[in-house]
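Enquirer: I need the structure of the sequence given here:
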Amino acid sequence: MSDKTDDYEAVVQASRGEAVADFSKARASALDRVQHALHVNPALVPLVVLLGSIITFGLLLGTKFFSPFALTLILQQVQIVGIVAAAQSLVILTAGIDLSVGAIAVISSVIMGQFTFRYGVPVEISVAIGLLAGTAIGCVNGWLVAVMKLPPFIVTLGMWQIVLAANFLYSANETIRSQEIETEAPLLQFLGTTFKIGADADGRGGATFTYGVIFMVLVVVFLAYALRHTAWGRHVYATGDDPEAAQLSGVNVKRTLISVYGVAGLICAFAGWALIGRIGSVSPTSGQLLNIESITAVVIGGISLFGGRGSIMGTFFGALIVGVFTLGLRLLGADAQWTYLLIGVLIIAAVAVDQWIRKVAA
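Expert: This is a model prediction of the structure:
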């Protein structure tokens with residue numbers, strides 16, 4: 001009789017949703033723990049790839065690769081892409097994409113140069129006007145996406161064409177040469193100014209940096225803090241993850257999107273200023289591949305193209321991975337096409353890993 005009573009109580013408990021037995025959960029497999037760790041720390045994958053590539057090329061090239069000059073040269077080579085990729089990261093975190101980042105950077109640099117040399121405006125004001133122009137273009141992108149509800153891909157594709165054409169029309173396809181800038185407006189080349197750390201008395205050896213590299217690192221650190229520790233950062237992630245749910249929870253999705261595209265435009269304008277310092281001149285034909293290179297760094301860096309997941313640090317690591325592969329293969333004497341092949345493999349692998357990691361949240 002007692003057995004029947006126990007069975008009846010078990011049925012009643014089950015009908016109420018109460019636990020009828022205390023089953024011990026099976027311990028998560030090692031693969032599940034890795035998957036969860038990568039979901040919580042999306043920058044972990046690109047960091048591992050970066051360290052692995054540095055060790056690999058270090059073993060193949062020895063001190064030739066591990067010299068301070070070679071390692072800091074990587075930072076100098078990726079500084080422009082790293083800055084633009086930081087801007088691209090913000091947009092992709094909102095589940096968008098910005099194909100106009102490269103064009104915004106170039107036209108901002110052209111405006112700085114033209115206002116200085118064509119109109120005789122003080123170089124400090126010219127730089128400020130260029131930064132404002134980049135921000136304004138970004139805000140227009142954001143307004144079209146947030147208010148007009150147009151797809152980000154179409155909006156920024158169209159803006160890329162518009163800005164690219166305006167760039168050539170406004171500059172008359174003329175380049176302001178390095179000698180003119182050095183003589184009359186050296187501030188335009190400020191972010192390309194180099195300085196050494198650890199050099200000997202004769203200035204030999206040591207690590208060579210530029211102010212553009214320092215600026216890139218500061219942008220990454222600032223955005224990493226803003227996204228992780230501010231309400232604005234949480235709104236960016238919420239908008240990318242589920243804009244409808246974010247709106248219902250009190251997030252002003254339209255304002256968030258406009259601010260993201262505006263900040264991205266400002267960062268791209270700074271990249272245009274750094275571009276002048278990097279190449280030494282103001283050229284309307286520079287930075288043609290920045291769109292693709294920035295997206296490459298973001299994808300390899302582990303930021304999900306679906307939005308709502310990833311980190312700026314991952315993008316920074318992604319840009320460095322491209323720089324390490326480029327310099328390492330060049331020092332090995334390999335054909336440049338091997339760089340594109342390996343980067344292509346990394347892009348596909350990064351997307352595959354992202355899809356696998358997203359299953360944790362499913």
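Enquirer: helix, strand, or coil at residue 250?
Expert: coil (DSSP: H, G, I helix; E, B strand; the rest coil).
Enquirer: if I look at residue 344, how far off is residue 325?
Expert: 11 Å (Cβ to Cβ, to the nearest Å). In short, each C-beta sits where N, CA and C put it, glycine included.
Enquirer: with neighbour numbers in mind, choose between those two.
Expert: Taking other Cβ atoms under 10 Å, residue 344 and residue 325 do not tie; residue 325 has more neighbours (22 against 11).
Enquirer: any idea how far residue 340 is from that one?
Expert: Counting by Cβ to Cβ - residue 325 and residue 340 are separated by 10 Å.
Enquirer: cool, residue 357 as well?
Expert: 26 Å.
Enquirer: quick one: the strands in the stretch 101-250 of the chain, in order.
Expert: 194-197, 207-210 (DSSP state E, counting those that start in this stretch).
Enquirer: on that earlier part again, and residue 357 and residue 340? Which one has more around it.
Expert: Neighbours per residue (other Cβ under 10 Å) separate residue 357 from residue 340, with residue 357 holding more: 21 against 12.
Enquirer: number of nearby residues for residue 332?
Expert: Neighbours of residue 332 under the rule other Cβ under 10 Å: 13.
Enquirer: OK, contacts around it?
Expert: 57, 60-61 (Cβ atoms under 8 Å, 6 or more residues apart in numbering).
Enquirer: what does it show for phi and psi?
Expert: The phi/psi pair for residue 332 (degrees, to the nearest 10) reads phi -80, psi -10.
Enquirer: okay, it and residue 262: tell me how far apart.
Expert: 43 Å.
Enquirer: relative to residue 239, how far out is the nearest residue to residue 163 once chain neighbours are set aside?
Expert: Once flanking residues are discounted, residue 163 sits nearest to residue 103: 4.0 Å by Cβ to Cβ, 6 or more residues apart in numbering. Distance, residue 103 to residue 239, using Cβ to Cβ: 24 Å.
Enquirer: now swap in residue 135 and tell me
Expert: 20 Å.
Enquirer: those two - which one has more neighbours?
Expert: Comparing residue 135 with residue 239 by neighbour count (other Cβ under 10 Å), the higher total belongs to residue 239, at 26 against 21.
Enquirer: isn't that one up against residue 257?
Expert: Yes: at 6.6 Å, residue 239 counts as touching residue 257 under the criterion of Cβ atoms under 8 Å.
Enquirer: most surrounded residue in the contacts of residue 332?
Expert: Of all these, residue 57 has the most neighbours under the rule other Cβ under 10 Å, reaching 21 neighbours.
Enquirer: and the helix or strand where it lies, what does it pack against?
Expert: Using DSSP states H and E, residue 57 maps to helix 44-61. Judged by 3 or more Cβ pairs under 8 Å, 6 or more residues apart in numbering; DSSP states H and E, helix 44-61 is in contact with helix 30-40, helix 63-66, helix 312-332, helix 336-358.
Enquirer: deepest of the ones you listed, which one?
Expert: Most buried of these, by mean neighbour count (mean count of other Cβ atoms under 10 Å): helix 312-332, with a mean of 23.
Enquirer: sorry, back to before: shared neighbours, residue 239 and residue 257?
Expert: The contact sets of residue 239 and residue 257 overlap at residue 94 (Cβ under 8 Å, 6+ apart).
Enquirer: residue 64 against residue 331, yeah?
Expert: Yes: using Cβ under 8 Å, residue 64 is in contact with residue 331, at 6.2 Å.
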